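J.: how does the following fold in three dimensions:
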Amino acid sequence: MSKIEKYGWNNNWQEKAAAPGIPGRVTLEHKHLYRVVTNNGEWLSSLSGKYKHEHGHQEFPSVGDWVMVEQMPGEEKGIIHSVLPRSSQFSRKSAGDTSEIQMIAVNVDYVFLVMSLNHDFNVRRLERYLIASWDSGANPIVVLTKKDQCADIEPFIQEVESVAFGVPVYAVSSVTGEGIDELQKILAGAKTGALLGSSGVGKSSLINALSGSELMAVQGIREDDSKGRHTTTHRELVLLPTGGLLIDTPGMREFQLGDYSEGMETSFSDVETLADACRFRDCSHGNEPGCAIQEALATGELPRDRYQSYLKLKRELAHMERKSDLAAQKAERNKWKQVTKDYRKRPVKKR
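T.: Predicted structure coming up:
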C-alpha cells in the first residue's frame, strides 16, 4: 500500500485527478499554508497565484482535501494547483454577524458526534450536530465518552435514540479502553472520521486512546460544571496505527447553522412526518382542526421541548437565508460600484 493509499486514496479519487501536479492530502492548515502528504514526501504548500485569483475562500483547501500539488525545485515545499471535488463537507456559520460559511472538515466518511456522560450531555446541541451531519454527506455516529464515570448509561442512550433515529450510538471510556476497538473497526480500511463536540468532552483523550499514544494534549475539567477548555486550537488529520484517519476540530459550544434545510428534514423526520399528516396542507400547527402535531403534543408522542427546538432551528435557518440574500445583494452592489470607479479612473484616450 502506497503512502497516500493509507490516507484514503483510491480509484474514485484517481478518476478525479488532473494535471498539473501529483495527488496529496491536506493534513494541516495554518494561515493559508498547508501540510500536504504525497507519495514523494510531506510538503509545506501554498496556493498557486492562478488558483487564488480564480477561486473564492470557500474553495480554498481544508483539512482532509485531496489536492494536486507540485514540488518546488530543490525544496521540501509545494505549490497547490487544484482541489479535487469533495465527497462530503462539514461546515458551520462563521463567528459574528456574517452569513459566511466556514469549512470544518471535508472528505469525511463518518462524523463522530461526541458528548460526555456528565453535565455536558445536551440533546438540543446534538440535534444541531445531526442536522449539519446529515447535510454534509457523511454518516453520523454518536459517541458518549467518560463511561467509566457514569453509573447508569441507559437513560442517556434512550435520550439520544429519541432524537437520533437510526444513528449508531457507542458509549466508550478512554481510561479503561471500553468501546475503543469498536470505533477503530469503523475506520479500518483508510476511512476518515471527524470528531465534533464542545469543549471538555474528551475528544483529545479519545484520539489518544484510538491511536495508542499521547498525540493530543489533554486538559482537566472543572468539577462544578464538568466543563473544560479545549486544548486543540487547529484542525489536523491524524493517521491511526490501526488504520483509518481522524480529524480533530476546535470545540464548538456555540454552533450556528448554515444552509442545512435538507439535514433539517432528515434530523427532524418525526416532526416533518407529523406535519405531512395534518388535515390542511398550509396548517400552521396552531388551533387548526386535524393538526397532527398538536395531537402528538397532547398525547406526548411528540415531546414539547423537541418541537420547541424544531421551531427555534427553523427560525434560525429562515434568518440565515434572509441574511445570505441580503449579503449577496450587498456584494453585488459593491462589485458594480467598484466597476464604475475603475471605469472612471481609466485614462481618456486622445483622438
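J.: can we go C-alpha only for contacts and neighbour counts from here?
T.: Will do.
J.: which residues touch residue 80?
T.: Counting by C-alpha atoms under 8 Å, 6 or more residues apart in numbering, residue 80 touches 21, 45, 46, 47, 48, 67, 68, 69, 70.
J.: closest to residue 298 among those residues?
T.: residue 67 (53.7 Å; C-alpha to C-alpha).
J.: find the nearest non-adjacent residue to that closest one, please.
T.: Take residue 67 and drop its neighbours on the chain: the residue closest to it by C-alpha to C-alpha, 6 or more residues apart in numbering is residue 83, 4.4 Å away.
J.: neighbours of that neighbour, just the number please.
T.: 22 (other C-alpha atoms under 10 Å).
J.: same deal with residue 152?
T.: Neighbours around residue 152, by other C-alpha under 10 Å: 10.
J.: doesn't it fall inside a strand?
T.: No. In this structure, residue 152 is coil, not part of a strand, as judged by DSSP: H, G, I helix; E, B strand; the rest coil.
J.: show the pLDDT at it.
T.: At residue 152, the predicted lDDT confidence score is 93.
J.: for it, grab phi and psi.
T.: phi -140, psi 110 (degrees, to the nearest 10).
J.: still on that earlier bit, got a list of what the residue nearest to residue 67 touches?
T.: 59, 60, 61, 65, 66, 67, 68.
J.: ok, now with 7 Å
T.: Residue 83 makes contact with 61, 65, 66, 67, 68, according to C-alpha atoms under 7 Å, 6 or more residues apart in numbering.
J.: before we move on, back to that, want to throw the contacts of residue 80 into JSON lines with distance to residue 303, pLDDT and secondary structure?
T.: Formatted as JSON lines, these follow (distance: C-alpha to C-alpha, whole Å; pLDDT from 0 to 100; DSSP: H, G, I helix; E, B strand; the rest coil):
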{"residue": "21", "distance to residue 303": "55", "pLDDT": "94", "secondary structure": "coil"}
{"residue": "45", "distance to residue 303": "51", "pLDDT": "97", "secondary structure": "strand"}
{"residue": "46", "distance to residue 303": "51", "pLDDT": "96", "secondary structure": "strand"}
{"residue": "47", "distance to residue 303": "50", "pLDDT": "96", "secondary structure": "strand"}
{"residue": "48", "distance to residue 303": "53", "pLDDT": "95", "secondary structure": "coil"}
{"residue": "67", "distance to residue 303": "46", "pLDDT": "97", "secondary structure": "strand"}
{"residue": "68", "distance to residue 303": "50", "pLDDT": "97", "secondary structure": "strand"}
{"residue": "69", "distance to residue 303": "52", "pLDDT": "97", "secondary structure": "strand"}
{"residue": "70", "distance to residue 303": "55", "pLDDT": "96", "secondary structure": "strand"}
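J.: any idea which residue sits dead centre in this protein?
T.: Compute the mean C-alpha point of the chain, and by C-alpha atoms, centre = their mean the closest residue is residue 90, 3.1 Å away.
J.: ok, that residue to residue 307 distance?
T.: Distance of residue 90 to residue 307, given as C-alpha to C-alpha, to the nearest Å: 25 Å.
J.: now do residue 235
T.: Distance, residue 235 to residue 307, by C-alpha to C-alpha: 34 Å.
J.: more neighbours: which of those two?
T.: residue 235 (20 against 16).
J.: so what pLDDT did the more buried one get?
T.: The model reports residue 235 with a pLDDT of 74.
J.: same check on residue 190?
T.: At residue 190, the pLDDT value in this model is 94.
J.: burial measure for it, as a count.
T.: Count around residue 190 with other C-alpha under 10 Å applied: 22.
J.: thinking again about what came up before, in a helix, the residue nearest to the centre of the chain, correct?
T.: No. Membership of residue 90 in a helix is not supported by three-state DSSP, which gives strand.
J.: ok, now how distant is it from residue 294?
T.: Relative to residue 294, and taking C-alpha to C-alpha, residue 90 is found at 34 Å.
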